[in-house]
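Chemist: return atomic coordinates for the entry below.
(one chain, ligands or ions: 1)
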Amino acid sequence: MKRKILLIEDNEQNQYLVTFLLEKHGYEVIPAIDGPMGIELAGRVLPDLILLDIQLPSMDGYAVAHELRSNPALENTPIIAVTSYAMTGDREKTIAAGCNGYIEKPINPDTFVSEFEHFIEGSQKEPPQ
Ligand code: MN
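Modeler: Next up is the predicted model:
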């Protein structure tokens, strides 16, 4: 069975690129264009992993991660922040909000899937902390 990846991303180009790369590698991608839609879908489809943009309209990714973690059904679901905030402290901020890791934007099509699979494989071998 294909693994389901919830992609919460408001930028059309990034949505397109990530969906293209993941589908090419056999994943099913479920798109959400903002936080509330992502939270609703996450609770309903229980994805294998959530990719979360931090810069989102109305509700930022930190708030979204916090809300996702408050759902017991999503307690162990890996949440990976995808963000161009590359400043010191932002990584810590995403982890504090409940994310398991961080992939930097701009997305590099040559390395994105291997970075991504590091998190999904790791999540199968050991429970997230
Ligand atoms: Mn964005």
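Chemist: what residue ranges in the chain score low on pLDDT?
Modeler: 85-88, 121-129 (pLDDT under 70).
Chemist: which ones are touching the residue nearest the centre of it?
Modeler: Geometric centre of the chain, nearest residue: Leu51, 1.2 Å, by CA atoms, centre = their mean. Taking CB atoms under 8 Å, 6 or more residues apart in numbering, we find Leu51 in contact with 5-9, 18, 80, 82, 103, 116. The way it works is simple: take the backbone N, C-alpha and C, and place the C-beta from them, glycine included.
Chemist: take those and keep only those in helices.
Modeler: In this view, the contacts of Leu51 that belong to helices under DSSP state H are 18, 116.
Chemist: circling back: assumed the residue nearest to the centre of the chain was part of a helix.
Modeler: No - read with DSSP: H, G, I helix; E, B strand; the rest coil, Leu51 is strand and lies in no helix.
Chemist: tell me, how many residues neighbour Arg44?
Modeler: Arg44 has 10 neighbours, counted by other CB atoms under 10 Å.
Chemist: for stretch 16-30, buried residues please.
Modeler: Within stretch 16-30, the residues that count as buried by 16 or more other CB atoms under 10 Å are 17-19, 21-22, 27-30.
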